[in-house]
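Novice: what's the 3D shape of this:
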Amino acid sequence: MTLLRHFTLEKNQQYRLIVKSNKLVNSRQHFTATQQRIVLSALARIKENEENLTFQIPMHEVIGEKEIGGSQIDLVKTALNGLMQSYVEMEKVLEDGKKKWVKISFISRAEGIEGEGQFELKFDSEMKEFLLNLKSNFTKYFLHNVSNFRKSYSIRIYELCKQYHPKILERKFTIAEFKFLLGIESKYPYVSALKKNILDPSLEEINNHSDLFISYELLPENRRSKKEIVFKIASNIALEDNSNDLDSPKQLESVDNKGIDKDAILSKEEYIDNYMADKPGIRDQGAYKSKLAKDEKFDLQYREHIRSQEQKIIDEQVKAELKEKERLSKEREVREAAKLDNIRAEHFNWSKSIFLKYFDRYSYQDYKDEVLHFLRANYTSVLDSIMGELLEGKLSQDTKMRIGKFLFFKLGEPEEIEMVNDIAKWKKLQEVNSQKLEEEQKFKEQEKRRLEEEIRRMTEQLKSM
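Specialist: Residues are numbered from 1 along each chain as shown. Next up is the predicted model:
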């Protein structure tokens with residue numbers, strides 16, 4: 001079996017955007033890792049106002065190797081065969097409550113010439129509305145953020161979480177919905193298998209190689225809702241691109257997300273052209289244009305245009321900075337909450353393991369009297385509920401955890417038990433986290449005052465020009 005490496009991409013290809021309709025992102029898809037790479041390589045070649053659905057893809061870009069042999073070519077051919085037979089499936093609820101489904105083929109043609117090291121594929125014409133000239137309701141990300149993924153499900157989970165980020169920092173699916181989107185409805189009937197084979201390895205790749213940091217929580221089934229999975233999404237600050245290159249993903253996304261239109265400041269010639277366009281009755285436009293260019297009153301009017309547009313840009317930049325700082329703060333809270341959840345889980349598992357090490361080797365009757373005697377001798381004032389559960393012959397998970405902690409602190413650590421976290425460390429962590437939140441709040445207030453002062457100063461400078 002040929003081992004797939006990561007994408008082999010030139011710098012300009014790394015910074016290409018993948019843009020696809022949200023309808024496509026939210027459709028049922030089941031592609032192999034090689035098929036995903038082929039599709040992404042093609043999507044990265046779509047340009048603005050593109051009408052063409054046919055693309056040339058270098059073999060080495062998909063395989064990850066410069067030297068292409070027969071086995072690699074066979075791997076690509078097999079992937080293309082699968083793509084031609086595959087489809088995306090979408091569901092829509094009609095007004096009468098009925099569900100409508102539609103299945104669309106992904107590619108309609110693929111061809112290659114021996115020895116050329118590339119192949120050509122054509123998306124099916126039905127895919128046009130989901131890929132070309134998208135104005136709204138689309139998901140976009142830079143190709144380099146998924147280029148190091150080796151698992152096909154990593155890309156699907158990344159896209160589902162990237163779709164509304166950073167506006168939405170959580171996405172919730174029922175287990176059935178999630179498996180439908182990944183095309184694995186008949187696989188992994190147990191959640192433990194889904195975690196082991198899909199969730200944990202995919203999120204490890206995403207957190208290590210992309211601009212997102214994702215954790216998840218499984219919510220139990222109850223009367224009101226089915227079993228659900230909640231993805232908590234934050235920016236992966238540790239891997240953010242700190243490049244000052246104007247073509248880098250960080251710079252491109254920054255300008256795009258702020259929505260700042262610096263082209264709104266017109267040159268004087270453009271301003272004159274716009275002014276004259278509203279006066280169609282001018283006979284000698286050349287003479288009138290020369291007159292406006294020398295007119296002092298018109299020059300003052302043009303300068304006022306510059307000032308007003310520059311002020312708008314300043315205001316937009318300040319608003320964008322404040323919004324970005326607020327977003328980063330929220331994401332930091334999500335990451336900290338995820339860390340605390342992990343520590344809580346470790347602490348619970350440690351406490352439970354203490355209990356099991358002490359007692360699971362015996363039957364319930366063997367240790368019942370021993371535990372009751374121990375608890376009565378040491379914790380009679382605080383553990384009536386635990387004793388009640390012991391006397392009735394039923395122990396909850398929480399009871400096991402508490403007994404485990406008490407036995408550890410009273411009798412010491414059993415053999416082969418490694419203590420993950422103790423109470424003192426837990427309290428210390430909470431204190432540190434509280435201090436961080438206070439420091440962040442102070443920093444926010446200081447930044448707000450600084451930006452307000454900067455706006456005031458810039459406004460005064462512009463007025464004095």
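Novice: so who does Ala293 touch?
Specialist: Residues in contact with Ala293 (CB atoms under 8 Å, 6 or more residues apart in numbering) are Lys268, Ile272. For every residue, glycine as well, the C-beta is placed using N, CA and C.
Novice: in the helix or strand it falls within, what's buried?
Specialist: Applying DSSP states H and E as the criterion places Ala293 in helix 285-294. Of the residues in helix 285-294, those buried under the neighbour-count criterion (16 or more other CB atoms under 10 Å) are Leu292.
Novice: how about the nearest residue to Val88, chain neighbours excluded?
Specialist: Ser27 (4.2 Å; CB to CB, 6 or more residues apart in numbering).
Novice: looking at it, that neighbour is touching Met90, isn't it?
Specialist: Yes - under the criterion of CB atoms under 8 Å, Ser27 is in contact with Met90, at a separation of 4.6 Å.
Novice: more neighbours: which of these two?
Specialist: Between Ser27 and Met90, Ser27 has the larger neighbour count (other CB atoms under 10 Å), namely 21 against 16.
Novice: and that one, what pLDDT?
Specialist: At Ser27 the predicted local confidence, pLDDT, stands at 87.
Novice: try Glu177
Specialist: Per-residue confidence (pLDDT) for Glu177: 91.
Novice: doesn't it belong to a helix?
Specialist: Yes - residue assignment for Glu177, taken from DSSP: H, G, I helix; E, B strand; the rest coil, places it within a helix.
Novice: quick one, what contacts it?
Specialist: Residues touching Glu177, when contacts are defined by CB under 8 Å, 6+ apart, are absent altogether.
Novice: that one and Val334: what is the separation?
Specialist: Separation of Glu177 from Val334 (CB to CB, to the nearest Å) stands at 22 Å.
Novice: same thing with Phe180?
Specialist: Applying CB to CB, the value for Phe180 to Val334 is 26 Å.
Novice: more neighbours: which of the two?
Specialist: The residue with more neighbours, out of Phe180 and Val334, is Val334; 19 against 16, by other CB under 10 Å.
Novice: in space, what's closest to that one - neighbours in sequence excluded?
Specialist: In space, and not counting its chain neighbours, Val334 is closest to Ala234: 4.7 Å by CB to CB, 6+ apart.
Novice: ok, the helix or strand encompassing that neighbour: who's next to it in the sheet?
Specialist: Taking DSSP H and E as the criterion, Ala234 maps to strand 228-235. When pairs are called by DSSP bridges, strand 228-235 turns out to pair with strand 170-174 (antiparallel), strand 212-219 (antiparallel).
Novice: which of those strands sits most buried?
Specialist: By mean neighbour count, with neighbours taken as mean count of other CB atoms under 10 Å, strand 212-219 ranks first of the strands paired with strand 228-235 at a mean of 18.
Novice: and that one, C-alpha only, in PDB?
Specialist: Included here for strand 212-219 are C-alpha records, laid out as PDB according to Å, rounded to 0.1, in the frame of the first residue of the first chain:
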ATOM      1  CA  LEU A 212      -8.200  25.800  14.400                       C
ATOM      2  CA  PHE A 213      -8.100  24.300  17.900                       C
ATOM      3  CA  ILE A 214     -11.100  22.100  18.400                       C
ATOM      4  CA  SER A 215     -12.300  20.100  21.500                       C
ATOM      5  CA  TYR A 216     -15.500  18.200  21.800                       C
ATOM      6  CA  GLU A 217     -18.000  17.100  24.400                       C
ATOM      7  CA  LEU A 218     -20.500  14.200  24.200                       C
ATOM      8  CA  LEU A 219     -23.900  15.000  25.700                       C
END
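Novice: picking up where we left off before, touching, the residue nearest to Val334 and Arg332? I think so.
Specialist: Yes - counting by CB under 8 Å, Ala234 does reach Arg332; the two are 7.4 Å apart.
Novice: which one's more surrounded, the two?
Specialist: The residue with more neighbours, out of Ala234 and Arg332, is Ala234; 25 against 16, by other CB under 10 Å.
Novice: would you mind measuring from that one to Glu228?
Specialist: With distances defined as CB to CB, the gap from Ala234 to Glu228 amounts to 20 Å.
Novice: give me the mean pLDDT for the helix or strand harbouring Leu83.
Specialist: Element membership of Leu83 [criterion: DSSP H and E] is helix 70-85. Summarised as a single mean, pLDDT over helix 70-85 is 85.
Novice: give the buried residues for the helix or strand following it.
Specialist: Sequence-wise, the next helix or strand beyond helix 70-85 is strand 87-93, with elements assigned using DSSP H and E. When neighbours are counted by 16+ other CB under 10 Å, the buried residues of strand 87-93 are found to be Tyr87, Val88, Met90.
Novice: also stretch 125-144?
Specialist: Taking 16+ other CB under 10 Å as the neighbour-count basis, stretch 125-144 is seen to contain the buried residues Met127, Phe130, Leu131, Leu132, Leu134, Phe138, Thr139, Tyr141, Phe142, Leu143, His144.
Novice: which parts of the chain are strands?
Specialist: Defined through DSSP state E, the strands belonging to the chain, from first to last, are 17-21, 54-58, 87-93, 99-105, 107-112, 118-123, 138-142, 170-174, 212-219, 228-235.
Novice: and those: which comes nearest Glu296?
Specialist: With CB to CB as the measure, strand 17-21 is the member of the strands of the chain nearest Glu296 (46.3 Å).
Novice: partners of the closest one, with directions?
Specialist: Here the strand partners of strand 17-21, with direction, are listed using DSSP bridges: strand 138-142 (antiparallel).
Novice: mean confidence for the partner strand?
Specialist: pLDDT averaged over strand 138-142 equals 87, rounded to a whole number.
Novice: check stretch 336-343 too.
Specialist: Averaging pLDDT residue by residue across stretch 336-343 gives 70.
Novice: if we can go back for a sec, list the contacts of the residue nearest to Val88.
Specialist: When contacts are taken as CB under 8 Å, 6+ apart, Ser27 is in contact with Val88, Glu89, Met90, Leu181.
Novice: do that again at 6 Å, thanks
Specialist: Val88, Glu89, Met90 (CB atoms under 6 Å, 6 or more residues apart in numbering).
Novice: any idea how far Gly64 is from Thr34?
Specialist: Applying CB to CB to Gly64 and Thr34 gives a distance of 10 Å.
Novice: should've said Asp315
Specialist: Distance from Asp315 to Thr34, by CB to CB: 48 Å.
Novice: of those two, which one has the most company?
Specialist: Thr34 (21 against 14).
Novice: the more buried one against Leu80, yeah?
Specialist: No - taking CB atoms under 6 Å as the definition, Thr34 is not a contact partner of Leu80, at 9.1 Å.
Novice: how deep is Lys442 tucked in, by neighbour count?
Specialist: In terms of burial, Lys442 registers 10 neighbours under the definition other CB under 10 Å.
Novice: pLDDT score for it?
Specialist: Looking at Lys442, its pLDDT reads 80.
Novice: what's the answer for Ala44, then?
Specialist: Looking at Ala44, its pLDDT stands at 86.
Novice: for it, what are its contacts?
Specialist: Residues in contact with Ala44, defined by CB under 6 Å, 6+ apart, are Arg16, Ile18, Leu143.
Novice: ok, the first one - contacts?
Specialist: Put plainly, it is Arg16. Ala44, Leu143.
Novice: neighbours around Leu322, how many?
Specialist: As a burial measure, the neighbour count of Leu322 was computed by other CB under 10 Å and equals 15.
Novice: fine by me, thanks again.
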